[in-house]
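Chemist: Would you be able to build a 3D model of this:
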Amino acid sequence: MTTALWLLAFQGALGAFDTLYYHEWRARLPAGGAATRDELRLHAARDFIYAVVFGTLPWLAWRGAWSIVLAALLAAEVVITLKDFVVEDRVRRPLGGVYAGERVTHALMGIIYGAFLAFLFPTLRGWWPAPTSLASSLEVAPPALRWALALMCVGVFLSGVRDLSAAVGLPRSAWPWPKPPGRVS
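Modeler: Numbering: from 1, shown residues only. Predicted structure coming up:
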């Protein structure tokens, strides 16, 4: 399980880079109005799943039926990501397409996520036959890793709130980016 959590932390670090550099700085997606709404909704949904995963896996064992809930969340993340690959091609066309470095980052994140799932699977398989509970599992990772993932939980949750706010067009949700001329909320 510890290896899975290290891979999850690496995934989180790459995801933070992808979000801050490509989504925020380069593409300024929150300022895109209706043009970026679909992509931002997908990002928000994925962010909320990652918040649950980052916030629970270092601390809790998803036993019994809860392991199916966790597996469903992890599978949903895959489906959302695949849909995002298609949607972002359409959304980013006016920007010249998805940035080459962003595609590489996404590919690396896909590989890491696959490795994370491979290392997590034996633990999930072990949790499945146990009585249904969310039980404490503090022994699975070093404290620094657990707390780093807890910080990532907060960060990805806030990113999800930002993306969802921009997707529904809440005032000032594009801050600090001005809306480009011709883009409507």
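
Chemist: Not counting its neighbours along the chain, what's nearest the residue sitting nearest the centre point of the chain?
Modeler: Nearest residue to the geometric centre of the chain (Cα atoms, centre = their mean): residue 47, 3.9 Å. The shortest distance from residue 47 to any non-neighbouring residue, by Cβ to Cβ, 6 or more residues apart in numbering, is to residue 160 (3.0 Å). Every C-beta, even on glycine, is put in place using the N, C-alpha and C of the backbone.

Chemist: State the pLDDT value of that neighbour.
Modeler: Note on residue 160: pLDDT of 97.

Chemist: What residues does it make contact with?
Modeler: Each residue near residue 160 by Cβ atoms under 8 Å, 6 or more residues apart in numbering is listed here: 43, 44, 45, 46, 47, 48, 51.

Chemist: what are the ranges of the strands in the chain?
Modeler: 60-63, 133-136 (DSSP state E).

Chemist: Distance to residue 87, mean neighbour count and mean pLDDT for those strands - can I get that in a markdown table?
Modeler: Formatted as a markdown table, those follow (distance: least, Cβ to Cβ, whole Å; neighbours: other Cβ atoms under 10 Å; pLDDT from 0 to 100):
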| stretch | distance to residue 87 | mean neighbour count | mean pLDDT |
| --- | --- | --- | --- |
| strand 60-63 | 30 | 20 | 95 |
| strand 133-136 | 33 | 13 | 94 |
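
Chemist: between those, which one is nearest to residue 69?
Modeler: Of all these, it is strand 60-63 that lies closest to residue 69, at 6.8 Å by Cβ to Cβ.

Chemist: Could you name the helices and strands sitting against that closest one?
Modeler: Packing partners of strand 60-63 (3 or more Cβ pairs under 8 Å, 6 or more residues apart in numbering; DSSP states H and E): helix 100-127, strand 133-136.

Chemist: Pull the distance from that strand to the chain's centre.
Modeler: Distance of strand 60-63 from its chain centroid, counting by Cα atoms, centre = their mean, to the nearest Å, is 20 Å.

Chemist: Dump the strands of the chain into CSV; add distance to residue 165 as well.
Modeler: Output for the strands of the chain, formatted as CSV (distance: least, Cβ to Cβ, whole Å):
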stretch, distance to residue 165
strand 60-63, 28
strand 133-136, 29
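
Chemist: I'd like to know which of those lies nearest to residue 34.
Modeler: With Cβ to Cβ as the measure, strand 60-63 is the member of the strands of the chain nearest residue 34 (37.9 Å).

Chemist: Report the strands that pair with that closest one, each with its relative direction.
Modeler: strand 133-136 (antiparallel) (DSSP bridges).

Chemist: And the contacts of the strand it pairs with?
Modeler: 56, 59, 60, 61, 62, 63, 64, 66.

Chemist: Show me the beta-bridge partners of the residue lying closest to the third one once chain neighbours are set aside.
Modeler: Closest residue to residue 60 in three dimensions, ignoring its sequence neighbours and counting by Cβ to Cβ, 6+ apart: residue 134, at 4.9 Å. Taking DSSP bridges, one finds residue 62 as the beta-bridge partners of residue 134.

Chemist: Having no further points to raise, I will conclude here.
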